[in-house]
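> Sequence and predicted model, in that order:
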Amino acid sequence: RYPEMSWDDYISKQLTGTGLVQKGAIAGLDGSVWAVTPGWALTQAECQSLAVGFTNNSGLVEKGMHLAGEKFFFLSATEDVLRGKKGNKGIHVAKTNTAIIIGLYEDPIQPGQCATTVEALADYLKGCNF
């Protein structure tokens, strides 16, 4: 059994530590930021907007996806995943029972690499009832 990791450890070890996610965050479904890559200034309102996007993405379609004041074009959504893009970078957001995992990638990282990494952490946390 692994020792308990802090939320920050999940960002540094499971997301950015893989080299397949440039910046990462974990936020509650209410938008409260649990952990974020240092220096990435996400707001609670931005995270809450993404969390709401899983049940109603019309706002994301109309206004885009915003993170740390940067606008990404909404690409697609499923009940578990949101995708956005801006130029040579993009975001992949996966939902767990109680949180959202946000990953940002930029060339040369490919969208699929970031997606696999973010979704693997989301699946792990779901298995731990988060």
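That came through fine. Keep in mind that this is a model prediction, so the values were computed, not measured.
> Quick one, grab the pLDDT at S6.
Among the per-residue scores, S6 shows a pLDDT of 88.
> so it touches A35, yeah?
Yes: with contacts counted by CB atoms under 8 Å, S6 reaches A35, the gap being 7.4 Å. Heads up, the C-betas are built off the backbone N, CA and C, glycines and all.
> which one of the two has more residues nearby?
The neighbour count for S6 versus A35, taken as other CB atoms under 10 Å, is higher for A35 (17 against 10).
> What is the burial count for the residue nearest to the more buried one when sequence neighbours are not counted?
Of all residues not flanking A35 in the chain, W7 sits nearest, at 3.5 Å (CB to CB, 6 or more residues apart in numbering). By other CB under 10 Å, 15 other residues sit near W7.
> how near is W7 to A51?
W7 sits 16 Å away from A51, going by CB to CB, to the nearest Å.
> Point me to the helix or strand that includes the residue nearest in space to the middle of the chain.
Centroid-nearest residue in the chain, with CA atoms, centre = their mean: I102, separated by 0.9 Å. In this assignment (DSSP states H and E), I102 forms part of strand 99-106.
> go on, V61?
helix 58-63.
> Tell me the helices and strands packed up against that helix.
Secondary-structure packing of helix 58-63 (3 or more CB pairs under 8 Å, 6 or more residues apart in numbering; DSSP states H and E): helix 44-53, strand 70-77.
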